[in-house]
Structures are given as C-alpha cells and as structure tokens.
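Trainee: from the sequence below, what's the structure:
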Amino acid sequence: MGLFLICSLIGLGGGILSGVLGIGGATIIIPALIYFLKFNQHLAQGTTLALMVLPIGLLAAWTYFKSGHVDLKVAALICIGFLIGGLIGAKIAVSMPQEALGRIFGIVLLLLGAKMALGI
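Mentor: Predicted coordinates:
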C-alpha cells in the first residue's frame, strides 16, 4: 500500500472516530502511525501534534456547535491551558527515552479504555 493511501486511511479513520466519539489524535493516529508506518513513539507523537495545528476538527466542531453541543467559553479556557501544557509536555516527552514514553502512552490508553468500558 502506498504512503498516500495509508495516510489517507489513517486520517479518514481518525476523523470518523473523532466526529463520532470525540477521539482521534492520541488514541487512533499515534498507534496507527506506529503500526502501519513503523514510526517510533516520538515521531508518531510529534507528527500527530503537527497535524493538529491545522483546523482539523473545525468542520466536526462546527457541526456540534450548530446542534448546540459546544460551550465556547469552556473550550477557550481549556485551549489556553492546553497551549501551555502542550509546550511543557512536549519538552518532557522529547527528553524521555523512547521505550519509557511508549510504555506510559500504552498504560494511559489501557487505563482510559478500562474506565470507559467498565464505567468506573
């Protein structure tokens, strides 16, 4: 499979799941980049953060907004914290060994998945 097709399918899958479930970047795209494109953890995370710079969720967010399911004040306030936290987190992540970063990422996904699946 060519790079264009693989990336398009990762984007399509991530976009659909993002629109349906509100997830995409970390939970779908990072593992897909590691599995299908053989990216290391740092490269997958950096690439995913780079694609989020563009207005990726704009149309999905607009659809939710039109339906009355967006609190712009809360979104803006979280965005401020996310901007600062993203910088701090990126500085921490790039200084970590690849193996440790991948394990932390996997553990977080497992814990979140267990919480959501079991309703705890």
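Trainee: just give me the neighbour total for Ala76.
Mentor: Counted by other CB atoms under 10 Å, the residues lying close to Ala76 total 9. All C-beta atoms are positioned from the backbone trio N, CA, C, and that covers glycine.
Trainee: show me what counts as buried in the host helix or strand of it.
Mentor: Assessed by DSSP states H and E, Ala76 sits inside helix 72-95. Within helix 72-95, the residues that qualify as buried are Ala93, counting by 16 or more other CB atoms under 10 Å.
Trainee: what's the following helix or strand after that helix?
Mentor: helix 98-118.
Trainee: could you pull up the mean pLDDT of stretch 101-109?
Mentor: Here stretch 101-109 scores 93 as its mean pLDDT.
Trainee: and it, how far out from the chain middle?
Mentor: 13 Å (CA atoms, centre = their mean, to the nearest Å).
Trainee: hang on, the earlier thing: which residues sit against the helix holding Ala76?
Mentor: His42, Gln45, Leu49, Phe65, Leu101 (CB atoms under 8 Å, 6 or more residues apart in numbering).
Trainee: just the buried ones from the residues you listed, in ChimeraX syntax?
Mentor: In ChimeraX syntax, the buried subset of the contacts of helix 72-95 is picked out as below (16+ other CB under 10 Å):
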select :45,49,101
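Trainee: coming back round to it: may I have the helix holding Ala76 as CSV, with CA atoms only?
Mentor: Provided in CSV are the C-alpha atoms of helix 72-95 (Å, rounded to 0.1, in the frame of the first residue of the first chain):
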residue,chain,number,x,y,z
LEU,A,72,-17.2,28.1,23.6
LYS,A,73,-16.2,29.7,26.9
VAL,A,74,-15.0,26.3,28.3
ALA,A,75,-13.3,25.4,25.0
ALA,A,76,-11.4,28.7,25.0
LEU,A,77,-10.3,28.3,28.6
ILE,A,78,-9.2,24.8,28.1
CYS,A,79,-7.4,25.9,25.0
ILE,A,80,-5.2,28.3,27.0
GLY,A,81,-4.2,25.6,29.4
PHE,A,82,-3.7,23.1,26.6
LEU,A,83,-1.4,25.6,24.8
ILE,A,84,0.9,25.9,27.9
GLY,A,85,0.6,22.3,28.9
GLY,A,86,1.4,21.1,25.4
LEU,A,87,4.6,23.0,25.5
ILE,A,88,5.6,21.7,28.9
GLY,A,89,4.6,18.1,28.0
ALA,A,90,6.5,18.2,24.7
LYS,A,91,9.7,19.3,26.4
ILE,A,92,9.3,16.5,28.9
ALA,A,93,8.5,13.9,26.2
VAL,A,94,11.4,14.7,23.9
SER,A,95,13.8,14.3,26.8
